[in-house]
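# The following block contains a protein sequence and its predicted model.
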Amino acid sequence: MLREDNSIDLYDDVSNPLDGIEEILAGNDWTYQRMNEDELSVHVSGKYGHYQMIFVWQDQYSAIQFCCMPDLSVPENKLDEAASIVNKINSNLWLGHFDIRAYDDLAGQSAHIPCFRHASLFRGLHETSGADHMADLIDIALAECERYYVTFDLLSKTAMQDNKDVDLAMMDVIGRS
């Protein structure tokens, strides 16, 4: 639905849900940083590694883009292999997807970081009605990052001779020894 000035009028009833996400993060005793009105970042520890989650609110579309990045980096010479592995991983995901993000750190060094991403529309919601949705998304993102942490860790540190190591790392297991 467009207004006369061609701007979108569908999402005018939504408040910024980052306020509700702050409550979720505080409820988990996670220290977060609100970079500005539309961006929020938090660092979380999991079973295998540490993760940075970033929430970006896009008011024009009433949507949140959510990213969860493990503390791993893929070497430049493994980006083709990483693309193939990410494709396999994504074919098993029901919600969200992984990609490899290029970042430059403060020293000007380039890093290629696996990133779980998902965007959600909040049309018709207000800041508290999306809280359960975002809590579920945080849980799903952490579970998927933990599920594939070993795969990305293997990719980041080891010279693999074949895909058997990756296939084994990507296998779902029942229980732990």
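Perfect, I can see it now.
# for the spatially closest residue to Asp38 that is not a sequence neighbour, helix, strand, or coil?
Excluding its sequence neighbours, the residue lying closest to Asp38 (CB to CB, 6 or more residues apart in numbering) is Trp57, at 4.4 Å. The C-beta positions use only the backbone N, C-alpha and C, and glycine is treated the same way. Recorded secondary structure, Trp57: strand (DSSP: H, G, I helix; E, B strand; the rest coil).
# Show me where this protein has its strands.
Secondary structure of the chain by DSSP state E: the strands cover 32-36, 39-45, 50-58, 63-70, 97-104, 110-121.
# Just name the most buried of those.
Most buried of the strands of the chain by mean neighbour count (mean count of other CB atoms under 10 Å) is strand 63-70; its value is a mean of 21.
# got a list of contacts for that one?
Strand 63-70 is contacted by residues 17-18, 48-58, 101, 113-122, 134, 137-138, 141-142, 144-145, 149, 152 when judged by CB atoms under 8 Å, 6 or more residues apart in numbering.
# now stretch 79-99
Residues contacting stretch 79-99 (CB under 8 Å, 6+ apart): 74, 100, 112, 114-118, 137, 140-141, 144, 148, 151, 155, 160, 166, 170.
# returning to what we had before: got JSON lines for the strands of the chain, with mean pLDDT and distance to Ala82 too?
Shown next, in JSON lines, are the strands of the chain (pLDDT from 0 to 100; distance: least, CB to CB, whole Å):
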{"stretch": "strand 32-36", "mean pLDDT": "94", "distance to Ala82": "28"}
{"stretch": "strand 39-45", "mean pLDDT": "95", "distance to Ala82": "23"}
{"stretch": "strand 50-58", "mean pLDDT": "94", "distance to Ala82": "18"}
{"stretch": "strand 63-70", "mean pLDDT": "93", "distance to Ala82": "13"}
{"stretch": "strand 97-104", "mean pLDDT": "88", "distance to Ala82": "5"}
{"stretch": "strand 110-121", "mean pLDDT": "90", "distance to Ala82": "7"}
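# With distance to Ala83 added, can I get those in CSV?
Output for the strands of the chain, formatted as CSV (distance: least, CB to CB, whole Å):
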stretch, distance to Ala83
strand 32-36, 30
strand 39-45, 26
strand 50-58, 22
strand 63-70, 17
strand 97-104, 7
strand 110-121, 10
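# For the residue nearest to Asp38, list each beta-bridge partner.
According to DSSP bridges, the residues that bridge with Trp57 are Ile64.
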